[in-house]
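Trainee: sequence first, predicted coordinates after that:
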Amino acid sequence: MSESPALTEVESYGVERIADADRTATPFDLFRVAFGGANTFATCVLGAFPVLFGLSFWQGLAATLLGVVGGSLILAPLAVFGPCNGTNNAVSSSAHLGVHGRIVGSFLSLLTAIAFFSISVWSSGDALVGGAHRLMGVPQNDGVFALAYGVFGALVLTVCVYGFRFMLFVNKIAVVAASTLFVLGFFAFVGDFDPGYQGVFPSTATAGFWPAFIGSALIVLSNPVSFGAFLGDWARYIPADTSRRKVVTAAFASQIATILPFFFGLATASIIAKKAAPYMDAGTPNYVGGLLAISPGWYFLPVCLLALIGGLSTGTTSLYGTGLDFSSVFTRFSRVQATLFVGVLSIGFIFLGRFAANLSQSISTFATLIITCTAPWMIIMVLGYVTRRGWYDPDSLQVFNRRQRGGRYWFHHGWNWRGMGAWLTAAVLALLFVNVPGQFVGPLGDLAGGADISLPVGLATASLLYLALLWFFPEPREVYGPQGPRLVRASDAPVPPITTEAGAPVPAVAEGA
């Protein structure tokens, strides 16, 4: 196994399969990147939503735990694809959605990255400017906020251009530093914290309780699920022979650990609701402003440090994978060029959304809708892994990136209508059932008494429909490898050879190479 490259060496790999000799990461590295990317102010903002929706502290804590654990269970199995195939999860999805159908994963990761990158930059920038204002009298105007957003964007883009190793280094620091600052916040707010905060639902029998509770849990759940399209970006550097259980455990633990920033957000939001209630107004919520309003003077500097560290950490984990994947969809771009392009596009959206379109208050709803579409994609990936017994042909996975045709995952002109049909049906049906109180209600959102059942509807539909399609319309036996399928049937349909776009055959590559 070769030594890890220097931090200042620009990463050369795109989405092609990582050579075994260059896979020097560990499951603990995966934990640090995934936890570091979520151990930030952006997560605190999401953690404040239970109070914003009117729940008491204990009700909010129950919703938070449900969201974190549920999201972690959905996310964790997605960690196996990186070590297995040596590439990112969007490319791995070729095996289940088809060589061309893999663009679904790329599109979802792009939207997710822009949404969570925006939440991160806005919340961290606002906290940094607000803390600097309280510490040094820095003015709070659009010019200063724009400067803060621009600095965050430039720093994030720099780290992403250097690549995985630099990002891993940043998150090694972020995990320890941000966790320490959150724990320090305990001493800052313990005197004002009241676990008996009642919210507006003193009894669970109140009519509006369940919609608020489920809506809060789903917003919390969106945080771990948002990593589904990105786990392979980091796990692909883990050796193929690493225990799958260790990899899945690392991914699960990384999100369970986010209870720390979620709890910080929930607890401080309950304090804000009592001491600075206008900041928790449902129409114009301002968690960061409220946090600064209740913070003791000595905690302003830690707030600024949290903003800087957290914004950098979340931004890099969101943007890195999207630039990587963009280069695979548009192969004329190198990884660095694609990262710069997507980065500039995302920063442009941040400025437009904050200063021109005033989207900063609705981006959390946008993120929830994206996750509603992403969760069925994730369940199809996991079920596909189970039915294939974890067996994949790495060479056939790269057909799209090499602009070739054919192979095990060509299916019908590059599309696997079984996986695509199950995902599209589940995503559309789930969107119809979305009910985020005061923000977005789908056409069928009120059928469950106002409760948001979009996620269970989407997951159940994707699971049942995908397995049914695999059973009644079997895939070719060659996609399952030597041990054959599990739970479903296979057909004897032939698989076309891999050829160039001009039709010339491609020399065979040894499986697993």
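Mentor: Done, it's in.
Trainee: ramachandran coordinates for residue 435?
Mentor: phi -150, psi 90 (degrees, to the nearest 10).
Trainee: excluding covalently adjacent residues, which one is nearest to it?
Mentor: residue 445 (3.6 Å; Cβ to Cβ, 6 or more residues apart in numbering). For the C-beta atoms, the positions are set from N, CA and C on the backbone; glycine is no exception.
Trainee: could you give the average pLDDT over the helix or strand hosting residue 325?
Mentor: Here residue 325 sits within helix 300-329, counting by DSSP states H and E. The average pLDDT for helix 300-329 rounds to 80.
Trainee: average pLDDT across the next helix or strand after it?
Mentor: Using DSSP H and E, the helix or strand that follows helix 300-329 towards the C-terminus is helix 335-351. In this model, helix 335-351 has an average pLDDT of 83.
Trainee: re earlier: list the buried residues of the helix holding residue 325.
Mentor: Neighbour-count burial for helix 300-329, counted by 16 or more other Cβ atoms under 10 Å, picks out 300, 302-329.
Trainee: that older thread, okay, now the residue nearest to residue 435: neighbour count?
Mentor: By the measure other Cβ atoms under 10 Å, the count of residues near residue 445 is 20.
Trainee: just residue 42 next, same as before
Mentor: 30.
Trainee: was I right about it contacting residue 118?
Mentor: No: here residue 42 does not reach residue 118: they are 9.3 Å apart, not a contact under Cβ atoms under 8 Å.
Trainee: for the helix holding residue 325, what is the distance to the chain centroid?
Mentor: Average the C-alpha atoms of helix 300-329, do the same for its chain, and the two points are 12 Å apart (Cα atoms, centre = their mean, to the nearest Å).
Trainee: please apply the same query to stretch 28-47.
Mentor: Using Cα atoms, centre = their mean, the offset of stretch 28-47 from its chain centre is 10 Å.
Trainee: can you point out the buried residues in that stretch?
Mentor: 29-47.
Trainee: please apply the same query to stretch 85-102.
Mentor: For stretch 85-102, a neighbour-count test (16+ other Cβ under 10 Å) marks 85-102 as buried.
Trainee: then stretch 69-83?
Mentor: Those would be 69-72, 74-83, for stretch 69-83 by 16+ other Cβ under 10 Å.
Trainee: and the strands in the protein?
Mentor: 404-405, 435-436, 440-441, 475-476, 490-491, 499-500 (DSSP state E).
Trainee: can you flag the weakest of the ones you listed by average pLDDT?
Mentor: If you rank the strands of the chain by mean pLDDT, strand 435-436 sits at the bottom with a mean of 80.
Trainee: so residue 120 makes contact with residue 43?
Mentor: No: in this structure residue 120 lies outside contact range of residue 43 using Cβ under 8 Å: 9.2 Å.
Trainee: by how many degrees do the longest helix seen in the chain and helix 300-329 diverge?
Mentor: Ranked by residue count under DSSP state H, the longest helix found in the chain is helix 103-136. Helix 103-136 runs at 160 degrees relative to helix 300-329, counting by axes from the mean of the first three to the mean of the last three Cα atoms, to 10 degrees.
Trainee: chain center to helix 103-136, what's the gap?
Mentor: For helix 103-136, the distance to the chain centre is 13 Å (Cα atoms, centre = their mean).
Trainee: just give the nearest non-adjacent residue to residue 385, would you?
Mentor: Nearest to residue 385 is residue 80, by Cβ to Cβ, 6+ apart, at 6.4 Å.
Trainee: with residue 178 instead?
Mentor: For residue 178, the spatially nearest residue (Cβ to Cβ, 6+ apart) is residue 39, at 4.7 Å.
Trainee: the one you found: what's it in contact with?
Mentor: Going by Cβ atoms under 8 Å, 6 or more residues apart in numbering, residue 39 touches 174-175, 178-179, 182, 257-258, 260-261, 310, 313.
Trainee: from the residues you listed, which shows the smallest pLDDT?
Mentor: residue 310 (78).
Trainee: the closest residue to it other than its chain neighbours and residue 72: what is the separation?
Mentor: Using Cβ to Cβ, 6+ apart and skipping residues adjacent in sequence, the residue nearest residue 310 is residue 40, 3.0 Å away. Distance, residue 40 to residue 72, using Cβ to Cβ, to the nearest Å: 17 Å.
Trainee: test my guess that residue 496 contacts residue 411.
Mentor: No: with contact defined as Cβ under 8 Å, residue 496 does not count as touching residue 411 (9.7 Å).
Trainee: and those two? which has more neighbours close in?
Mentor: Legend: neighbour count by other Cβ under 10 Å for residue 496 and residue 411, higher for residue 411 (27 against 12).
Trainee: quick one, phi/psi of the more buried one?
Mentor: Torsion angles, degrees, to the nearest 10, at residue 411: phi 50, psi -120.
Trainee: residues contacting it?
Mentor: Listed by Cβ under 8 Å, 6+ apart, the contact set of residue 411 reads 98-99, 417, 475.
Trainee: picking up where we left off before, got the buried residues for the longest helix of the chain?
Mentor: Buried-residue list, helix 103-136, by 16+ other Cβ under 10 Å: 103-132, 134.
Trainee: give me the spatial nearest neighbour of residue 36, chain neighbours excluded.
Mentor: Leaving aside its sequence neighbours, residue 36 sits nearest to residue 171 (Cβ to Cβ, 6+ apart; 3.1 Å).
Trainee: isn't the one you found up against residue 37?
Mentor: Yes: between residue 171 and residue 37 there is a contact under Cβ under 8 Å: 6.7 Å.
Trainee: please enumerate the shared neighbours of those two.
Mentor: Contact criterion Cβ under 8 Å, 6+ apart; residues bridging residue 171 and residue 37 by contacting each: 313, 316-317.
Trainee: for residue 44, what are its contacts?
Mentor: Here residue 44 is in contact with 123, 261-262, 264-265, 268, 287, 291 (Cβ under 8 Å, 6+ apart).
Trainee: give me the pLDDT for it.
Mentor: Listed pLDDT for residue 44 reads 90.
Trainee: same check, this time on residue 19
Mentor: 89.
Trainee: and it, how far from residue 234?
Mentor: From residue 19 across to residue 234, the span is 17 Å (Cβ to Cβ).
Trainee: show me which of those two is the more surrounded one.
Mentor: Neighbour totals were compared for residue 19 and residue 234, and residue 234 leads with 28 against 11 (other Cβ under 10 Å).
Trainee: I'd say the more buried one and residue 30 touch.
Mentor: Yes: the pair residue 234 and residue 30 passes the contact test of Cβ under 8 Å, sitting 5.6 Å apart.
Trainee: how close does the closest residue to residue 303 other than its chain neighbours get to residue 40?
Mentor: Ranked by Cβ to Cβ, 6+ apart and with sequence neighbours excluded, the top spatial neighbour of residue 303 is residue 131, at 4.4 Å. From residue 131 over to residue 40 the distance is 15 Å, taken as Cβ to Cβ.
Trainee: what do you get for residue 200?
Mentor: 28 Å.
Trainee: now residue 435
Mentor: From residue 435 to residue 40 the distance is 28 Å (Cβ to Cβ).
Trainee: ok, residue 95 next?
Mentor: Using Cβ to Cβ, residue 95 is found at 33 Å from residue 40.
Trainee: do the same with residue 123
Mentor: 8 Å.
Trainee: shared neighbours of these two, anything?
Mentor: With Cβ under 8 Å, 6+ apart, residue 123 and residue 40 have common neighbours residue 311.
Trainee: residue contacts, the residue nearest to residue 119 when sequence neighbours are not counted?
Mentor: Ranked by Cβ to Cβ, 6+ apart and with sequence neighbours excluded, the top spatial neighbour of residue 119 is residue 42, at 4.6 Å. Taking Cβ under 8 Å, 6+ apart, we find residue 42 in contact with 116, 119-120, 123-124, 310, 314.
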